[in-house]
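J.: predicted model and sequence below, questions to follow.
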Amino acid sequence: MSRGGARPSSAAAEAPRAPSRQEESRSIEEHRREAPREVATAVVTVSDTRTLEDDTGGRLIVELLERAGHPVVSRVIVKDEPAEIAEALESAASRPEVRAVIVTGGTGVAPRDVTPDAIEPLLDRTIPGFGELHRMLSYQEIGSAALLSRALAGLKNGRVVFALPGSRGAIRLAMEKLILPELGHLVAQAVKKR
């Protein structure tokens with residue numbers, strides 16, 4: 001018994017301590033090690049004018065994915081039309097082998113830039129940090145024009161979905177700094193039960 005007759009609270013004695021930064025970092029690294037090394041991905045380019053032959057943005061995504069060991073299982077081009085974009089996403093996300101879908105183009109603020117408007121309502125959950133980080137990193141490269149990007153990410157049917165701008169610089173930034181370092185980790189977390 002303590003000095004005023006009160007016993008120390010057992011809840012206080014058993015309160016869990018917060019993990020240290022080192023422990024959190026170790027946990028993230030363990031998740032990354034356990035994540036799949038190969039993520040089957042579908043690539044969708046949104047453009048009124050591009051063809052597979054001159055779609056340099058879509059081609060860059062494919063090259064970067066394959067260089068990192070991720071198979072590209074489909075690549076299509078659709079018009080800047082909400083119904084076509086939605087259909088392409090639904091089709092890709094319904095394929096059992098596809099674990100990620102990367103859409104490029106149509107994420108700006110011009111009237112024909114409708115990709116985020118078509119995709120976001122189809123997502124089960126959004127991943128706000130992706131768009132926030134992409135705009136932050138873009139700001140470091142292109143300044144205040146980064147605010148024109150409506151890049152986003154989310155989850156659909158256990159698949160990870162990204163909507164990227166169409167410029168090669170923005171694609172390379174997103175792929176190299178955000179998507180490729182976390183793709184396996186994101187896919188593993190998207191289907192984790194506990």
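T.: All right, it came through fine.

J.: give the buried residues for the helix or strand hosting residue 142.
T.: Using DSSP states H and E, residue 142 falls within helix 128-142. For helix 128-142, a neighbour-count test (16 or more other C-beta atoms under 10 Å) marks 130, 131, 133, 134, 137, 138 as buried. The C-beta positions use only the backbone N, C-alpha and C, and glycine is treated the same way.

J.: between these, which is nearest residue 104?
T.: residue 134 (12.4 Å; C-beta to C-beta).

J.: hmm, residue 175 and the closest one touching each other?
T.: No - between residue 134 and residue 175 there is no contact under C-beta atoms under 8 Å: 10.5 Å.

J.: can you pull out the strands in the chain?
T.: 41-46, 72-78, 100-104, 125-126, 152-156, 159-164 (DSSP state E).

J.: how about stretch 148-163: buried residues?
T.: For stretch 148-163, by 16+ other C-beta under 10 Å, it's 149-156, 159-163.

J.: what of stretch 111-129?
T.: 113, 114, 115, 116, 118, 119, 123, 127.

J.: now, which of the residues you listed lie within helices?
T.: 115, 116, 118, 119 (DSSP state H).

J.: closest one to residue 36 out of those residues, please.
T.: When these are compared against residue 36 (criterion: C-beta to C-beta), the nearest one is residue 119, at 23.4 Å.

J.: quick one: low-confidence ranges for the protein?
T.: 1-28, 30-32, 35, 194 (pLDDT under 70).

J.: contacting residues around residue 153?
T.: 126, 127, 130, 131, 160, 161, 162, 163 (C-beta atoms under 8 Å, 6 or more residues apart in numbering).

J.: those residues: which two are farthest apart?
T.: Among these, 131 and 160 lie farthest apart (C-beta to C-beta), at 13.8 Å.

J.: picking that back up, going by distance to residue 63, which of the contacts of residue 153 wins?
T.: residue 162 (16.2 Å).

J.: isn't that closest one right up against residue 180?
T.: No - with contact defined as C-beta under 8 Å, residue 162 does not reach residue 180; the gap is 11.1 Å.

J.: contacting residues around the closest residue to residue 146 other than its chain neighbours?
T.: Excluding the flanking residues, the one nearest residue 146 by C-beta to C-beta, 6 or more residues apart in numbering is residue 138, at 3.7 Å. Residue 138 is in contact with 145, 146, 149, 170, 173, counting by C-beta under 8 Å, 6+ apart.

J.: separation between residue 138 and residue 123?
T.: Going from residue 138 to residue 123 by C-beta to C-beta, to the nearest Å gives 22 Å.
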